[in-house]
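*Asks:* Kindly return the folded structure for what I paste below:
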Amino acid sequence: MGRIPLGKTMATISEKDWRYLRSVQAEMLDELSRRINDEVRQVLASADFTENEKRGKIYDVVTRRDRIVADCFDGWSRSRIIEHCWILRKHGLLKAEHLAKLDPQTQKAIMPFG
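*Replies:* Okay, the predicted model is just below:
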């Protein structure tokens with residue numbers, strides 16, 4: 001999966017939308033963490049691997065998923081929030097109920113292609 005480069009965005013968002021997105025940031029991070037933890041639990045529960053193989057697989061899962069966590073949440077700032085929202089949507093973390101609470105202009109910037 002390729003990384004989406006973060007840089008300057010063309011759109012800015014309202015203070016209200018920025019406050020809202022900041023208020024759901026922890027919720028989205030918890031959801032992503034839950035997914036990662038579920039994946040680790042699946043590895044631990046598997047009878048198909050030795051304990052050493054499980055350790056290696058868990059390391060691989062955490063290493064790969066840490067990149068997603070970083071892409072979604074590192075550098076969380078108002079000037080880069082639209083790009084973060086694109087990535088959050090890509091990973092199914094920014095959901096329709098979140099988008100419904102944003103101004104139409106912000107929604108359009110996050111979903112430029114529908």
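*Asks:* mind listing the helices for this structure?
*Replies:* Using DSSP state H, the helices of the chain run over 15-45, 51-73, 81-90, 96-99, 104-110.
*Asks:* And the first one, how far out from the chain middle?
*Replies:* Distance of helix 15-45 from its chain centroid, counting by CA atoms, centre = their mean, to the nearest Å, is 7 Å.
*Asks:* list the buried ones in that helix?
*Replies:* Of the residues in helix 15-45, 17, 20-21, 24-25, 28-29, 31-32, 36, 39-40, 43 count as buried by neighbour count, 16 or more other CB atoms under 10 Å. The way it works is simple: take the backbone N, C-alpha and C, and place the C-beta from them, glycine included.
*Asks:* now the fourth one
*Replies:* When neighbours are counted by 16+ other CB under 10 Å, the buried residues of helix 96-99 are found to be residue 98.
*Asks:* Could you export that helix as CSV, keeping only the C-alpha atoms?
*Replies:* C-alpha atoms of helix 96-99 as CSV (Å, rounded to 0.1, in the frame of the first residue of the first chain):
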residue,chain,number,x,y,z
ALA,A,96,-20.2,8.9,7.1
GLU,A,97,-21.5,10.0,10.6
HIS,A,98,-18.3,12.1,11.0
LEU,A,99,-18.6,13.6,7.6
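*Asks:* And the contacts of that helix?
*Replies:* 21, 24, 107, 110, 111 (CB atoms under 8 Å, 6 or more residues apart in numbering).
*Asks:* Report how many residues lie close to the fourth one.
*Replies:* Going back to what we said before, that points to residue 110. 23 (other CB atoms under 10 Å).
*Asks:* Give me the spatial nearest neighbour of it, chain neighbours excluded.
*Replies:* residue 85 (4.5 Å; CB to CB, 6 or more residues apart in numbering).
*Asks:* Over to the most far-flung residue of the chain relative to its centre: give its phi and psi.
*Replies:* What lies farthest from the middle of the chain is residue 50; by CA atoms, centre = their mean that is 31.3 Å. Per-residue torsions, residue 50: phi -70, psi 170 (degrees, to the nearest 10).
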